[in-house]
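Asker: Need coordinates for the following:
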Amino acid sequence: MASTDTTADQDGTGTGPGQGTTTVAKAGKDRPDPHDLAGLEAGLDALDSVQTNRTPLRQALVRKVLPPLVAVALVLVVWQVLVWAEVTDSYKLPAPSEVWDEVVTSWEQGTLLDFIWTSVSRGLLGFLFALAIGTPLGLLVARVRFVRAAIGPILSGLQSLPSVAWVPPAVIWLGLNDQMMFAVILLGAVPSIANGLVSGVDQVPPLFLRAGRTLGATGLRHTWHIVMPAALPGYLAGLKQGWAFSWRSLMAAEIIASSPELGVGLGQLLENGRNASSMSMVFLAILLILIVGIAIDLLIFSPLERWVLRSRGLLVKS
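Answerer: Numbers count the residues shown, from 1 in each chain. All right, here's what the predicted structure looks like:
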């Protein structure tokens with residue numbers, strides 16, 4: 001009986017049944033519960049997960065299609081009210097019906113799509129040339145200090161120079177041909193694309209660059225796998241601005257330079273309406289130029305922006 005009651009060790013500390021149970025209980029409380037950790041991890045995963053529930057078609061139409069239609073209808077109503085109010089002479093402000101008659105006439109003659117395709121094909125091809133030149137140029141300026149000090153200010157100056165200023169020298173140098181059109185587009189778009197990429201590279205966190213080198217990404221692999229993906233938002237902004245400059249440069253060239261070899265694009269259609277004092281033709285050309293610009297943005301650049309934002313977790317896919 002004495003042996004069972006005397007369970008103290010040599011330093012006098014008791015380790016009886018009650019005290020040992022208390023120690024084990026305290027140790028159990030300090031140890032994290034696996035079920036609690038699983039619940040916490042599931043909660044974090046739920047926060048990080050992106051809801052992919054597809055929006056109903058009716059709701060999507062109301063949100064995305066109805067507002068632009070309402071805006072267009074409002075513009076047409078205001079336009080027609082101004083015509084009825086006779087705020088100016090009829091030859092200065094044609095009615096919407098007269099512009100529509102011009103559309104119908106061009107369609108029946110088979111020239112409407114030719115006007116659009118002539119300009120769009122030139123603009124897209126010239127933009128691709130500018131993309132092929134502006135991208136490596138932007139990387140070179142962004143990564144080489146000497147090149148940046150030498151060419152950086154020139155690119156900024158070229159970007160601020162109106163594109164129409166290049167049309168007269170391009171006509172003198174190259175003549176009235178498509179090469180002249182492409183030269184004007186390049187001079188207007190390349191600086192914007194290059195500067196957009198330079199801005200994107202400057203905003204890349206240095207930690208990304210060091211991590212890429214640590215993982216063995218050097219040279220072209222470092223540029224392709226580290227620099228370009230990190231600089232993509234700024235680069236995409238430069239591409240959008242580059243397209244805007246390409247389109248405006250092309251319109252300026254088509255308005256100023258006219259030749260049977262060049263065909264009739266939207267800019268030349270605008271100039272033909274001015275020469276014929278036909279405001280309905282002028283309005284038709286303006287509307288077509290606007291529609292093409294909006295269509296390119298909606299079909300090309302807006303999907304690219306959504307993809308970039310979604311890949312970075314900044315946009316919920318609906």
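
Asker: what's the single longest helix in this structure?
Answerer: Using DSSP state H, we find that the single longest helix of the chain is helix 112-143.

Asker: tell me what it is packed against?
Answerer: helix 96-109, helix 145-160, helix 178-202, helix 232-256, helix 266-275, helix 279-296 (3 or more CB pairs under 8 Å, 6 or more residues apart in numbering; DSSP states H and E). Placement of C-beta: from N, CA and C, glycine included.

Asker: Can you check what angle separates it from helix 178-202?
Answerer: 40 degrees (axes from the mean of the first three to the mean of the last three CA atoms, to 10 degrees).

Asker: buried stuff in helix 112-143?
Answerer: 112, 115-116, 118-120, 122-124, 126-127, 129-131, 134-135, 137-139, 141-142 (16 or more other CB atoms under 10 Å).

Asker: what pLDDT, on average, does that helix get?
Answerer: For helix 112-143, mean pLDDT is 92.

Asker: Then stretch 198-215?
Answerer: The model assigns stretch 198-215 a mean pLDDT of 79.

Asker: Figure out how far it is from the centre of its chain.
Answerer: 21 Å (CA atoms, centre = their mean, to the nearest Å).

Asker: got it, and stretch 137-154?
Answerer: So, by CA atoms, centre = their mean, the centroid of stretch 137-154 is 23 Å from its chain's centroid.

Asker: and the end-to-end length of that stretch?
Answerer: Chord length of stretch 137-154, first to last residue, is 12 Å (CA to CA, to the nearest Å).

Asker: Show me what that stretch is in contact with.
Answerer: 155, 190, 193-198, 201-202, 223, 227, 235, 238 (CB atoms under 8 Å, 6 or more residues apart in numbering).

Asker: any idea how far residue 158 lies from residue 203?
Answerer: 22 Å (CB to CB, to the nearest Å).

Asker: again with residue 183
Answerer: 31 Å.

Asker: So for these two, which residue has more residues nearby?
Answerer: Between residue 183 and residue 203, counting by other CB atoms under 10 Å, residue 183 is the more crowded of the two (22 against 11).
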